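Visitor: sequence and computational prediction follow.
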Amino acid sequence: MEIKVLGPGCVRCKALEQNVINALVEMGVAADVEKVTDINKITDYGVMMTPGLVINGKVKVFGRVPDKEEIKKWINEELSQ
């Protein structure tokens, strides 16, 4: 599983990254988590507001910090495919 946290490193971006890591630990799921800070790469995903979350190449959310339970739901969706 490949997860990307999109954002320049702001407080909300760091909060999203921590929620992702906590969700993965609680679920016992291994994933490559990458921080993408390059604004050109972020806009390549169509994300205009950070933070953004991409799981397996799919933009799941941007412009807000989802809670851990919402992130777990998206991870489960990707695992079941």
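Guide: The structure has been received and is ready for your questions. Numbering: from 1, shown residues only.

Visitor: how about the strands in the chain?
Guide: Along the chain, counting by DSSP state E, strands occupy 2-6, 32-36, 52-55, 58-62.

Visitor: between the ones you listed, which gets nearest to Leu79?
Guide: Among the strands of the chain, strand 52-55 comes nearest to Leu79, with 9.9 Å by CB to CB. The C-beta positions use only the backbone N, C-alpha and C, and glycine is treated the same way.

Visitor: now what about the closest one, what contacts it?
Guide: Contact with strand 52-55 is made by 1-7, 16, 20, 42, 45, 59-63, 66, 71, 74-75, 78, as judged by CB atoms under 8 Å, 6 or more residues apart in numbering.

Visitor: within its sheet, name the partner strands of it and how each one runs.
Guide: Next to strand 52-55 in the sheet, as set by DSSP bridges, lie strand 2-6 (antiparallel), strand 58-62 (antiparallel).

Visitor: so Val65 versus Asn40, what's the distance?
Guide: For Val65, the distance to Asn40 (CB to CB, to the nearest Å) stands at 23 Å.

Visitor: for Gly52, that is, sorry about that
Guide: For Gly52, the distance to Asn40 equals 14 Å [CB to CB].

Visitor: for those two, indicate the residue with more neighbours.
Guide: More crowded of Gly52 and Asn40, by other CB atoms under 10 Å: Gly52, with 23 against 7.

Visitor: partner residues bridging the more buried one?
Guide: Note on Gly52: beta-bridge partners by DSSP bridges are Leu6, Phe62.

Visitor: all the helices of the chain, residue numbers only.
Guide: For the chain, the helices defined by DSSP state H cover 11-27, 39-44, 68-79.
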